[in-house]
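> The following block contains a protein sequence and its predicted model.
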Amino acid sequence: MTAQTEQRRVLLRADDVCKWFPIKGWPFGPKRYVQAVNHVSFHIYEGETLGLVGESGCGKTTLARTVLRLLEPTRGDIQFNGVDLMAQNKRQLRAMRKDMQIVFQDPYSALHPRMTVRQTIEEPMRIRGLYTGPGEREARVRELLQMVGLNDTHMDRYPHEFSGGQRQRIVIARALATEPKLLICDEPVSALDVSVRAQILNLLQDLQQKLGLTYLFISHDLSVVEHICDRVAIMYLGQMVELGSNEAIFSRPLHPYTKALLSAAPQVGQFGRRDRILLEGDIPSPADPPSGCRFRTRCPHAADCCAQEPAWVEAEEGHCVLCHRFRELEEDSAS
């Protein structure tokens, strides 16, 4: 760690987290599981944005829900703000969840169609018993609406009266109502028009600076991730295969899957285009993943050693990868 990193406080830490879902089968047959998240470890520093990237179905959303214990982990240790989440009962978890909120992908589905904006934003305050004095909740609603770029004339309107971008602003305001420390942003701009995405991303960045928020930002759009994230984690088939700073991932990707993802993007910011890497075959089922390296059935560089489980290696400070051959592949590309 650098001196700057050492001074930063870890807000969320996950160690060896797994989430397996049982598959119903014959009563006397062997138990089978969908290995949605498998032995994932990471941490998020206070005030930073960690991007979580991967194809649909790779386990990003399941991981986010599991580390908040919205889904019960099959195994693993999770700490939030120095508190062991695994040791908390349901009542204690409910009390802690005011500090952990989620911004969902589809703002229309996330809003109750028969509740006004005022009711929508007041609801989490009422549930948590916040702002109980005369007029405090209404004043807080006005403040939150201004914070997200709306105003008090919107308070008594319904979700169908707003555009997609405005609805997402309302969802963000509701998430901020309990003064959280951590926001899970689950594909928050993927359902929006391109012209609106930049506005919402800039809003999230402004709110982070103003309120000292920490983000876990889930996305499959690499240009969005490069724009907003400080560090980036790459997931494939339930496992984290690479983790590093924004610059390290985009300028020096180490895992073959990360390279393939970056090559598929039309153009990723300052690092420009790359030669397209076409992956062969289909993504294996998480109910029957390959032995050893999970990516080996599609990897163009797979070798005999890849049939063994790879170890998580820190290739350089803060840049980790789950691959047997990343060093020799780097040497080959440099020569």
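That came through fine.

> What pLDDT is listed against the spatially closest residue to Leu111 that is not a sequence neighbour?
Nearest non-adjacent residue to Leu111, counting by C-beta to C-beta, 6 or more residues apart in numbering: Pro159, 4.2 Å away. For every residue, glycine as well, the C-beta is placed using N, CA and C. Predicted confidence (pLDDT) for Pro159: 92.

> For Pro159, give its distance to Leu211.
24 Å (C-beta to C-beta, to the nearest Å).

> who's more crowded, those two?
When Pro159 and Leu211 are compared on other C-beta atoms under 10 Å, the one with more neighbours turns out to be Pro159, at 21 against 14.

> Please, where are all the helices along the stretch 201-335 of the chain?
222-228, 246-251, 256-264, 326-334 (DSSP state H, counting those that start in this stretch).

> Save those helices as CSV, and put in mean neighbour count, mean pLDDT and distance to Arg169 too.
Output for the helices of the stretch 201-335 of the chain, formatted as CSV (neighbours: other C-beta atoms under 10 Å; pLDDT from 0 to 100; distance: least, C-beta to C-beta, whole Å):
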stretch, mean neighbour count, mean pLDDT, distance to Arg169
helix 222-228, 20, 90, 16
helix 246-251, 20, 93, 26
helix 256-264, 21, 91, 30
helix 326-334, 12, 82, 42
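
> Please convert these to CSV, extending it with distance to Met240.
Formatted as CSV, the helices of the stretch 201-335 of the chain follow (distance: least, C-beta to C-beta, whole Å):
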stretch, distance to Met240
helix 222-228, 15
helix 246-251, 12
helix 256-264, 11
helix 326-334, 14
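
> Among the ones you listed, which comes closest to Arg8?
Nearest of these to Arg8, taken as C-beta to C-beta: helix 246-251 at 15.5 Å.

> Keeping just the C-alphas, turn that closest one into PDB.
What follows is helix 246-251, C-alpha atoms only, in PDB (Å, rounded to 0.1, in the frame of the first residue of the first chain):
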ATOM      1  CA  ASN A 246      -9.100   2.500 -13.500                       C
ATOM      2  CA  GLU A 247      -5.800   3.400 -15.300                       C
ATOM      3  CA  ALA A 248      -4.300  -0.100 -14.700                       C
ATOM      4  CA  ILE A 249      -7.400  -2.000 -16.000                       C
ATOM      5  CA  PHE A 250      -7.800   0.200 -19.100                       C
ATOM      6  CA  SER A 251      -4.200   0.700 -20.000                       C
END
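
> Okay then, goodbye and thanks.
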